[in-house]
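In: Fold the following.
(chains A, B, C and D)
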There are 2 protein chains.
Amino acid sequence: MPWEKNFDIDETLTRAMQAFWAHGYEATSMQDLVKATGVNRASIYATYGDKRALFLTALRKYDGDVRRRMLAELAETRTPSEAIAAVFDKFISQTSVPQGNWGCFLVNTALELAAHDGEIAELVNAAHDEIEAFFLAMIRKGQQSGDFDPDRDAKPLAHQALASLLGMLVMIRSRPKEEFLTAVRDGFLNSLT
Amino acid sequence: MPWEKNFDIDETLTRAMQAFWAHGYEATSMQDLVKATGVNRASIYATYGDKRALFLTALRKYDGDVRRRMLAELAETRTPSEAIAAVFDKFISQTSVPQGNWGCFLVNTALELAAHDGEIAELVNAAHDEIEAFFLAMIRKGQQSGDFDPDRDAKPLAHQALASLLGMLVMIRSRPKEEFLTAVRDGFLNSLT
DNA sequence: CCCAGTATGGAACGATCATTCCGAACAATT
DNA sequence: AATTGTTCGGAATGATCGTTCCATACTGGG
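Out: Modelled structure (predicted):
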């Protein structure tokens, strides 16, 4: 009957996501979100619910739009070695962008909230499982094609791949220097051959 | 001239440290700290300064008492292989203690604050450098003694050791299951031989 | 053109935040 | 026993927190 929202629901969610991504849940106030999105308080509440609901929606959007899309894309268009390197590089390339060096939203959230919030822990763990499954698939593919040493057990290598990625994402937030980050990436890739 | 504080300054700092360690900076209120330490607000301010100063003091205490002590102890009393494994195990063994599974205070802080606080980033980075130096020393020692493959370049291995540890510490906060954590530890140790 | 009905902007809510202030409690020195 | 200097408990501060309410602005259907 009357009138649509005069802001873009998805674009606003993206901006809220970026605010949470950069500063975390506790350090991002509703006032910050109003400023970051340009949308009024009441409209945010009416559209997304309370702060925690908005955060969860933003986290799910990241999981779906950023993480899932990245893996799907890389699984198709690259060789195994390139695909694995590209996962690391997606985050390393953030480093050169002054306003976008926030690491991984899921990892930031894992440390801030997962220990005390079961629902968030589930989401984070499911994402980590899929990332590890991606690494496992790529490692096996590379072993079959002869790019990687086929005598190694792929499963523990996939575990290590995930741990190396998560470790690099910790470093990104405290010391976003390319040399440190690429060293982690190359260190793991070399261990595959 | 008259009268000493009737609470133990260091023990109180320990309790504040544990509160920050478990819940992070933003999620720990001064009220929480009063409850956790049993010391009055005014006394906390008079003794340690404001919240940020208390946090920094607690973080420095962790760095000195927990991290530094652990590395010094392990460097003396173990073989290289055992020493490296023991660093991982120190954190893995937290998992079975219901009230102590907080991961590493420095890593938790790295993700919450280091990206927006240079002073904290410096402290975190210095600690990471010393951990990596420990791994490097242990790897070289093990290569000389024949425990590890001496043909590998020790430096990137030390990088990977640190990344693996940090990655495991991310997992500890979202999925503190021993099987996942030991897999990371063993995965790295196997890559040394 | 008017009414129905939702979105908007901004004020207002109570709760909690970090921080400060103040009088009472206290031990050591005179 | 009186004085001194510090600590302690708790109330009080102003700011900010998340959340809600309400009058106003506005558009689509009658």
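
In: Now do the buried residues in the helix or strand residue A:15 falls within.
Out: Taking DSSP states H and E as the criterion, the element that holds residue A:15 is helix A:9-23. When burial is assessed from 16 or more other Cβ atoms under 10 Å in any protein chain shown, helix A:9-23 yields the following buried residues: A:12-23. C-beta here means a position set from N, CA and C on the backbone, and glycine is covered the same way.

In: Adding distance to DNA strand C, write those residues out as CSV.
Out: Formatted as CSV, the entries for the buried residues of helix A:9-23 read as follows, by distance: Cβ to the nearest atom of the strand, whole Å:
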residue, distance to DNA strand C
A:12, 9
A:13, 13
A:14, 16
A:15, 14
A:16, 14
A:17, 19
A:18, 19
A:19, 17
A:20, 19
A:21, 23
A:22, 21
A:23, 16
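
In: So of those, which two are at opposite extremes in space?
Out: Greatest spatial distance in the buried residues of helix A:9-23: A:12 and A:23, 17.2 Å, computed using Cβ to Cβ.

In: so residue A:121 makes contact with residue B:177?
Out: No. With contact defined as Cβ atoms under 8 Å, residue A:121 and residue B:177 do not form a contacting pair (11.3 Å).

In: related to what we said a few turns ago, report whether the helix holding residue A:15 contacts chain B.
Out: Yes. With Cβ under 8 Å from any Cβ of the partner chain as the measure, helix A:9-23 is seen reaching chain B through A:22-23.

In: pLDDT on that helix, on average?
Out: Helix A:9-23 carries an average pLDDT of 94.

In: Just say helix, strand or coil for residue A:27.
Out: At residue A:27 the chain is in coil, as set by DSSP: H, G, I helix; E, B strand; the rest coil.

In: can I assume it is in contact with residue B:26?
Out: Yes. Using Cβ under 8 Å, residue A:27 and residue B:26 qualify as a contacting pair, with a distance of 5.3 Å.

In: Show me the common contact partners of those two, please.
Out: Taking Cβ atoms under 8 Å, 6 or more residues apart in numbering or on different chains as the contact criterion, the residues that touch both residue A:27 and residue B:26 are residue B:112.

In: Indicate the residue of chain A located nearest to DNA strand C.
Out: For chain A, the residue closest to DNA strand C is residue A:43, as judged by Cβ to the nearest atom of the strand, at 3.0 Å.

In: Hmm, that residue is touching residue A:7, no?
Out: Yes. Judged on Cβ under 8 Å, residue A:43 makes contact with residue A:7 at a distance of 7.1 Å.

In: For the lengthiest helix in chain A, name the packing helices and strands.
Out: If each helix of chain A is counted by residues according to DSSP state H, the longest one is helix A:118-145. Counting contacts by 3 or more Cβ pairs under 8 Å, 6 or more residues apart in numbering or on different chains; DSSP states H and E, the secondary-structure elements packed against helix A:118-145 are helix A:51-61, helix A:69-77, helix A:80-92, helix A:105-112, helix A:154-174, helix B:154-174.

In: The third one close to chain B?
Out: In this case it means helix A:80-92. No. On the criterion Cβ under 8 Å from any Cβ, helix A:80-92 is out of touch with chain B, staying 10.4 Å away.

In: residue contacts, the residue nearest the centre of chain A?
Out: Within chain A, one residue has its C-alpha closest to the average C-alpha position: by Cα atoms, centre = their mean, that is residue A:104, at 3.9 Å. Taking Cβ under 8 Å, 6+ apart as the contact definition, residue A:104 lies against A:67, A:91, A:169.

In: Residue A:123 now?
Out: If you count contacts by Cβ under 8 Å, 6+ apart, residue A:123 has them with A:56, A:59-60, A:63, A:106.

In: quick revisit: would you format the helices and strands packed on helix A:118-145 as a markdown table with mean pLDDT and mean neighbour count included?
Out: As requested, those are exported to a markdown table (pLDDT from 0 to 100; neighbours: other Cβ atoms under 10 Å in any protein chain shown):
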| stretch | mean pLDDT | mean neighbour count |
| --- | --- | --- |
| helix A:51-61 | 96 | 18 |
| helix A:69-77 | 90 | 14 |
| helix A:80-92 | 96 | 19 |
| helix A:105-112 | 97 | 26 |
| helix A:154-174 | 96 | 25 |
| helix B:154-174 | 96 | 25 |
